[in-house]
Structure formats: C-alpha cells, structure tokens
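*Asks:* The following block contains a protein sequence and its predicted model.
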Amino acid sequence: MKNILFLIVCFLTFGCQDVIEVDLPTEDPRLVIDALIKLDDMDNPSVLVQIKASLTSSFFVDVQPTQLQEITLRNTESEAELTLTESIPGTGVYENEWDLDELTQGNLELHIKHDDQIYLAKTKFVPAVPLDSLEQGTTTLFGDDETEVVVTFTDNGEREDYYLFDFDFGEYLVTEDEFYQGKRFQFSFFYDSKLEDERLVTISILGVSEDFFNYMNQLIFQSGPDTGPFSTPATTVKGNIINVTNSNEGDNKNENNFALGYFAVCQTFSDTLLIKK
C-alpha cells in the first residue's frame, strides 16, 4: 500500500546491460519530533508521557532514532516542569510520568535541545467527544475493493470543535463542526481495500486545535493513501516546533531550521469494530 518511487534504468545492447548512475537529491538532516500526546483515561491521576525523536537522512531513507541533549515539558500557569529521559538507550523514545491536571489545565511548552539547537513548541489540552457507534456498511464508492465503516458521534454545542479521526493502518481524516454544531453526526469512511474477514480495526476520535487541524489537513493531502501523514512528508510541512536558538538576537536565521512534527495534547476516545465479509 505504499507509494514508492522506483527508478529503474536498463539499457540492453547485444545482451549487455549498462548501469547508469543517477544523482539523487539530498538535504541536510532535520529533527523529527512525534509529540502527539493522547489522553484516553481521564480517571487516572497520572499519565505516561512519551515523545519520540528521530532524524531524517538522505533521499529515500527512513528516519532514524536520535538522541536529544534535553527535553522538558512545562506548564506555564502552575510553573511545574517535567524532564523526560530516554528509558531505553538508542530508541529515541523519551518518557516520564506526570499529573493529569498538569497536562489538561493551563498552557504547555515543550523545550528541546538537540545538536546545540534549541526548539520550542506551545499548546494546550483539547477535549473530544465519545463515539456513539461504529458499524460496517455495505456500499462502495468505485467498486467492490473497498470496505465501508459508518461512524456516529454527537458534537458538543458549547464550543467550536475540530476532530482528527484515526482509522488504523495509517488512515486519517479531519473534520470541523461548522455544519453540525451540537448535533448528532454520521458519516462513512471507505478503506481503499477489502479488509479480510474477522479483522479487528480500532477507530479513534481526537480533539484537536484549529492549527493542528490545518496541519493535519496538509499532511493528509500530501501523503499518499499508503504512506500515512506521520511518515516524513514529500514536501516539508511546518508544524509548531520552531527553532529559537539565539532568537533574542533579532535575526531570522532559524526560520527554516524548524523540526518536523507537532506538539499536541488531545483527549481521545476509541472503539473497535470486527469486520465481516
């Protein structure tokens, strides 16, 4: 299901094959931060916060884990601070336990130091609403090689909401409540392949900010149906993790040296659906 570009150059003459070397485009490595914090248990007073750090490399090569010099979370209202540590060396996964209240009340800042560069991201907790129901549908869009799921949820009429749906397998969808404010809303999502019998899929709804909604909209548009928006995009999409090294000197030399990824704290509701043929 991946959109992979194959460059095959073959030249056959009298049974001989010549190999043609092609220079592929390269760019400087860029820091990638997966800082999407999903809160799915609002009854637990503490949360295990996990943030992943990696580094892009040359063209057509997957990102690799990288080590950070420092990574901290800070609640600017309570002034509480949490230092994350790499629990298993070499994995690029940084984690620590923090109080749920610190993540859901007040403004949050993520501070990162990597390769002597300092990065900063700001966010605040965004609530969601539960899923009312999940059902398998029987209709298709373009043929018989699709699987329909019907999702129903009820929007909160007391606020403007933006949602991110995770349909498993790297499939995502964003929606806003402009046309169903405070109402029960139902829609269909089509997997682009026929899922096998007895396949259990997990579907989640996340509350997101308007900025994160716009960011995900760009990633989903750029990513193919098989790469998923959380893989490195073909065209760089700027999130909210900015480079603030020497920013007090009044120059813009860090403007293009931002990190890929996004820092967000989202309430999440999930449910499962057993696919039947």
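*Replies:* Received it, and whenever you're ready, just let me know what you need.

*Asks:* Name the single longest strand found in the protein.
*Replies:* strand 260-275 (DSSP state E).

*Asks:* just the helices in the stretch 101-250 of the chain please.
*Replies:* Per DSSP state H, counting those that start in this stretch, the stretch 101-250 of the chain carries helices over the ranges 210-222.

*Asks:* Below-threshold pLDDT in it: ranges please.
*Replies:* Applying pLDDT under 70 to the stretch 101-250 of the chain picks out residues 224-235, 248-250.

*Asks:* at 90 what do you get?
*Replies:* 138-146, 169-170, 192-198, 220-237, 246-250 (pLDDT under 90).

*Asks:* Now do the strands in the stretch 51-200 of the chain.
*Replies:* Assigned by DSSP state E, counting those that start in this stretch, the strands in the stretch 51-200 of the chain fall at 64-65, 70-75, 81-83, 85-86, 93-99, 108-114, 117-123, 131-136, 147-154, 162-166, 172-176, 184-191, 199-208.

*Asks:* of all those strands, which lies closest to L39?
*Replies:* strand 199-208 (9.4 Å; CB to CB). Placement of C-beta: from N, CA and C, glycine included.

*Asks:* Please list the residues outside the closest one that contact it.
*Replies:* 38, 126-131, 134, 149, 151, 153, 161-169, 174, 195, 216, 264, 266-275 (CB atoms under 8 Å, 6 or more residues apart in numbering).

*Asks:* Give me the buried subset of those residues.
*Replies:* For the contacts of strand 199-208, a burial check counting by 16 or more other CB atoms under 10 Å picks out 38, 126, 128-129, 131, 134, 149, 151, 153, 161-169, 174, 195, 216, 264, 266-269, 273, 275.

*Asks:* Wait, D192 touches L141, no?
*Replies:* No: using CB atoms under 8 Å, D192 makes no contact with L141, being 9.1 Å away.

*Asks:* Compare these two (neighbour count), which wins?
*Replies:* Set D192 next to L141 and count neighbours by other CB atoms under 10 Å: D192 wins out with 14 against 9.

*Asks:* Can you read off the backbone torsions of the more buried one?
*Replies:* For D192, the backbone dihedrals are phi -80, psi 10 (criterion: degrees, to the nearest 10).

*Asks:* ranking the strands of the stretch 51-200 of the chain by burial, who's on top?
*Replies:* Ranked by average neighbour count under the criterion mean count of other CB atoms under 10 Å, these are headed by strand 162-166 at a mean of 21.

*Asks:* which other helices and strands contact that strand?
*Replies:* Strand 162-166 sits against strand 172-176, strand 199-208, helix 210-222, with contacts defined as 3 or more CB pairs under 8 Å, 6 or more residues apart in numbering; DSSP states H and E.

*Asks:* Let's see the second one as PDB, backbone CA atoms only.
*Replies:* Read that as strand 199-208. C-alpha atoms of strand 199-208 as PDB (Å, rounded to 0.1, in the frame of the first residue of the first chain):
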ATOM      1  CA  ARG A 199     -10.300  -8.300  11.000                       C
ATOM      2  CA  LEU A 200     -10.500  -6.100  14.100                       C
ATOM      3  CA  VAL A 201     -10.000  -2.400  13.500                       C
ATOM      4  CA  THR A 202      -9.500   0.300  16.100                       C
ATOM      5  CA  ILE A 203     -11.000   3.700  15.300                       C
ATOM      6  CA  SER A 204     -10.300   6.800  17.400                       C
ATOM      7  CA  ILE A 205     -11.600  10.400  17.600                       C
ATOM      8  CA  LEU A 206      -9.200  13.100  18.900                       C
ATOM      9  CA  GLY A 207     -10.000  16.600  19.900                       C
ATOM     10  CA  VAL A 208      -7.500  19.000  18.100                       C
END
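
*Asks:* distance between the longest strand of the chain and the chain's centre?
*Replies:* Relative to its parent chain, strand 260-275 has a centroid offset of 9 Å by CA atoms, centre = their mean, to the nearest Å.

*Asks:* Does anything pack onto that strand? Which helices or strands?
*Replies:* strand 31-39, strand 108-114, strand 117-123, strand 131-136, strand 199-208, helix 210-222.

*Asks:* Using a markdown table, please lay out those together with distance to N257.
*Replies:* Listed next are the helices and strands packed on strand 260-275 as a markdown table, based on distance: least, CB to CB, whole Å:
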| stretch | distance to N257 |
| --- | --- |
| strand 31-39 | 9 |
| strand 108-114 | 11 |
| strand 117-123 | 7 |
| strand 131-136 | 40 |
| strand 199-208 | 26 |
| helix 210-222 | 18 |
